[in-house]
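Asker: After the sequence you'll find the predicted model.
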Amino acid sequence: MRDDEQNIDENTFDGEEDSEYGDWEDEEDTDEENSEYDEDDEEDEEDSDDEDDEYDEDESEEDEDELEDEDSYDDEVEEQSVDEQNGDILEEDENLENIKKLQQILQQDPENFPARRSLAMLLLDEGFDKEAKQNLLYLIQYNTTDDELYFNLGIVYEKEGDFESAKEAYINAISISPEGDYFYNYGLVCIELKEYQEAIGAFAKVIENDGNDSNSYFNIGLCYFKLKEYDTAVQYFNKTLELDKEDVYAHFYLGYIYGVTDQKDRAEYEYNKVLELSPDYSWAYYNLGAIAFSEHDDERALYYLNQTLKYNPHDIDAYKLIAKIYIKNSMFDEAKTLIINALDENENNGDLCYTISQIGKYMKDYNLYEQGLTEAINNPDTLTYPIDIVEKELEILQKAGE
């Protein structure tokens, strides 16, 4: 089963384990865990996107390009609808003008620390992280007791993906002033570093100061989830929902836990709650489809899997599972057409190439069989099946054709 904070894991078709050469014939004892996504390879990212490993409803990252020339900051203002964003544009224009004024002050007086501090904060607000970091590091050389400098430096490092440096910066901020926000951000980077017990302690500190912080309860639940302490994770996700009943991610993770603990009715309930709150949440559709597939309800599985592809045409495992349903029902032409179209959307995907090779095998189209295996081997980065087994399968096919 797929969890929300990671990408697609290696998922085998039922029957693969019984085949020496990676064949994926359907078996009647299909179980849910072979068809749904699990959470093991959470560091492998396709876009991830993001989806980050932590959940923070209070913060949103701006996606702006860095500029090498400080004098060109004014070119960074995004083109936005004046009707919808006029206030934001005016604020950005004002900030950019203030940045220029502060730069002029510092050209004349480089040791004007208040001006440099203001500049650093404005640069960070406007998304100029590299320049903000340079100014923060300069200021910290002369003032090692300013907790906000360390905190904002931590934010920059976090945005850059340098979580070790972010952690150190947040520790410095906490040592000066143990603020709730500092513990919260510290907890987030600990999750990124997979230091889950440390993260739990940090979020517990936040809750000591604010017992209604639903995000902290969620993140503690996420930590226990990553530790596979599911009973405890459920308690924290339920507490999250007591404080915020519309927390989509809490519902999603509850659905996942109920799915892997064979409480399918409860899992379906939670995934349907996700879709009530977020109707385009493709992963909820996928997991509902996987549950239906495990129950041999192909019609319902196809509905959910097609909904998955409606919202995410790059969901490789949805294509694979639909293909398997078609194969099981001897709908070989439909399976072939599906995967050919999928390869148009996801060119040179190793898993899709392997899937079409198996379709060719069932159709006794040995050219398609061989071509699919060859292309799968040529695209190992997107092939989750063991490449040595695929290579052996191709070798046996080629010998048989001699």
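Answerer: Yep, it's here. Residues are numbered from 1 along each chain as shown.
Asker: any idea how far stretch 286-305 is from the chain center?
Answerer: Put simply, stretch 286-305 sits 23 Å off its chain's centre (Cα atoms, centre = their mean, to the nearest Å).
Asker: and it, what's its mean pLDDT?
Answerer: Across stretch 286-305, pLDDT averages out at 98.
Asker: Could you list the alpha-carbon positions for it in PDB?
Answerer: Extracted as PDB, the C-alpha positions of stretch 286-305 are listed here (Å, rounded to 0.1, in the frame of the first residue of the first chain):
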ATOM      1  CA  TYR A 286      -5.100   4.000  -5.900                       C
ATOM      2  CA  ASN A 287      -5.300   2.500  -2.400                       C
ATOM      3  CA  LEU A 288      -9.000   2.000  -2.700                       C
ATOM      4  CA  GLY A 289      -8.400   0.300  -6.000                       C
ATOM      5  CA  ALA A 290      -5.700  -1.900  -4.400                       C
ATOM      6  CA  ILE A 291      -8.100  -2.900  -1.700                       C
ATOM      7  CA  ALA A 292     -10.800  -3.800  -4.200                       C
ATOM      8  CA  PHE A 293      -8.300  -5.800  -6.200                       C
ATOM      9  CA  SER A 294      -7.300  -7.700  -3.100                       C
ATOM     10  CA  GLU A 295     -11.000  -8.600  -2.700                       C
ATOM     11  CA  HIS A 296     -11.200  -9.800  -6.300                       C
ATOM     12  CA  ASP A 297     -13.600  -7.000  -7.200                       C
ATOM     13  CA  ASP A 298     -12.200  -6.100 -10.600                       C
ATOM     14  CA  GLU A 299     -15.000  -3.800 -11.600                       C
ATOM     15  CA  ARG A 300     -14.600  -1.600  -8.500                       C
ATOM     16  CA  ALA A 301     -10.800  -1.800  -8.700                       C
ATOM     17  CA  LEU A 302     -10.800  -0.600 -12.300                       C
ATOM     18  CA  TYR A 303     -13.000   2.300 -11.400                       C
ATOM     19  CA  TYR A 304     -10.700   3.500  -8.700                       C
ATOM     20  CA  LEU A 305      -7.500   2.900 -10.700                       C
END
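Asker: check contacts around residue 353.
Answerer: 343, 372-373, 375-376, 378-379, 383 (Cβ atoms under 8 Å, 6 or more residues apart in numbering). In this view, the C-beta of every residue, glycine as well, is placed from N, C-alpha and C.
Asker: give me that answer again for 7 Å
Answerer: 372, 375-376, 379 (Cβ atoms under 7 Å, 6 or more residues apart in numbering).
Asker: Those residues into TSV, with extra columns for distance to residue 251?
Answerer: As requested, the contacts of residue 353 are exported to TSV (distance: Cβ to Cβ, whole Å):
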residue	distance to residue 251
372	38
375	39
376	36
379	36
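Asker: By neighbour count, which of these wins?
Answerer: residue 376 (29 neighbours; other Cβ atoms under 10 Å).
Asker: State the pLDDT value of it.
Answerer: With respect to pLDDT, residue 376 has a value of 98.
Asker: same thing with residue 178?
Answerer: Predicted confidence (pLDDT) for residue 178: 89.
Asker: List the single closest residue to it in space, sequence neighbours excluded.
Answerer: residue 205 (7.4 Å; Cβ to Cβ, 6 or more residues apart in numbering).
Asker: How many neighbouring residues does that neighbour have?
Answerer: For residue 205, using other Cβ under 10 Å, the count is 18.
Asker: Is it correct that it is in contact with residue 184?
Answerer: No - under the criterion of Cβ atoms under 7 Å, residue 205 makes no contact with residue 184, lying 8.6 Å away.
Asker: so residue 372 touches residue 351, yeah?
Answerer: No - using Cβ under 7 Å, residue 372 makes no contact with residue 351, being 10.7 Å away.
Asker: How about the contacts made by residue 315?
Answerer: Counted by Cβ under 7 Å, 6+ apart, residue 315 has contacts 282, 286, 308-309.
Asker: Quick check on the closest residue in space to residue 329 that isn't next to it in sequence: phi, psi?
Answerer: Nearest residue to residue 329, sequence neighbours excluded (Cβ to Cβ, 6+ apart): residue 298, at 6.8 Å. As for residue 298, its main-chain torsions (degrees, to the nearest 10) stand at phi -70, psi -40.
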